[in-house]
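Asks: need a structure here:
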Amino acid sequence: VQTMPRQGVFTMTCRRRGRCHITASRVQSAHTMGLSVVIPVGTAHERPGEAGFAHLSEHLMHQHARDHLGERVEDQIVRVGGISNAQTYPFHTEYSFVIPAPAEAEIPNWIDRAIARVAPPRITSVDIECEGRIIRQEVARRMSTSPTAGFPWIDALGVLSTDFGLRHNGFSDLADIEAA
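Replies: Predicted structure coming up:
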């Protein structure tokens, strides 16, 4: 782990769980701390037959991550009054949360919880089905209510490349997941 402090911002490269980057930012005036874990894997890394798996993995890891005691990370974030989000992009996936600023001694525990987000979760087929339904609802909502819903952002990279990873719709094409 490498740490580079910069006015309340700690950036680390985590090698314990593979390649991931962690940024922890404590904002004194707002009395909050934000943590973000970024892994360099996204929809552009999918191959034929895998469309949508990066997005599904993001959902499963976000909802089912557990700390070293087995407690869901999401439950701990909500319990202290925090909020969290996860997003899949073509070249990376990120998991972020903001919590009320913890005591200095608690910061390492919250960093460990952030790292837990990139550990393989224990999941069941029911979990996979549930997250698949949530993704379908998320996609339907975004495609019908977003001011940019008609903008071809999903297809924009595909115009520039013949590579499957860039040409397919890794955000909302669930056919490969449903076939698996």
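Asks: make it CA atoms for all contacts and neighbour counts henceforth
Replies: Will do.
Asks: longest helix anywhere in this structure?
Replies: In the chain, assigned by DSSP state H, the helix with the most residues is helix 125-145.
Asks: Determine the set of other helices and strands touching that one.
Replies: Helices and strands touching helix 125-145, as assessed by 3 or more C-alpha pairs under 8 Å, 6 or more residues apart in numbering; DSSP states H and E, comprise helix 53-64.
Asks: Quick one: work out the angle between the helix it packs on and helix 125-145.
Replies: Orientation check (axes from the mean of the first three to the mean of the last three C-alpha atoms, to 10 degrees): helix 53-64 against helix 125-145 gives 110 degrees.
Asks: buried set for stretch 74-91?
Replies: Buried residues in stretch 74-91, counted by 16 or more other C-alpha atoms under 10 Å: 74, 76, 77, 82, 84, 86, 87, 88, 89, 90.
Asks: Rounded mean pLDDT for the one helix or strand the fifth one maps to, please.
Replies: Assigned by DSSP states H and E, residue 84 belongs to strand 83-88. Per-region confidence: strand 83-88 scores 93 on mean pLDDT.
Asks: how about the buried residues of stretch 74-91, which pair is most distant?
Replies: With C-alpha to C-alpha as the measure, no two of the buried residues of stretch 74-91 lie farther apart than 76 and 90, at 29.0 Å.
Asks: still on that earlier bit, what are the pairing partners of the strand holding residue 84, and which direction each?
Replies: Applying DSSP bridges, strand 83-88 is found paired with strand 93-100 (antiparallel).
Asks: following the partner strand, which helix or strand comes up?
Replies: Next helix or strand after strand 93-100 toward the C-terminus (DSSP H and E): helix 107-116.
Asks: to the chain's geometric centre, what's the distance from that next one?
Replies: In this view, helix 107-116 has its centroid 15 Å away from the chain centroid, taken as C-alpha atoms, centre = their mean, to the nearest Å.
Asks: Which elements pack onto it?
Replies: Looks like helix 107-116 contacts strand 20-27, strand 32-39, helix 73-79 (3+ C-alpha pairs under 8 Å, 6+ apart).
Asks: so which of those gets nearest residue 94?
Replies: Judged by C-alpha to C-alpha, the one of the helices and strands packed on helix 107-116 that comes nearest to residue 94 is strand 32-39, at 4.4 Å.
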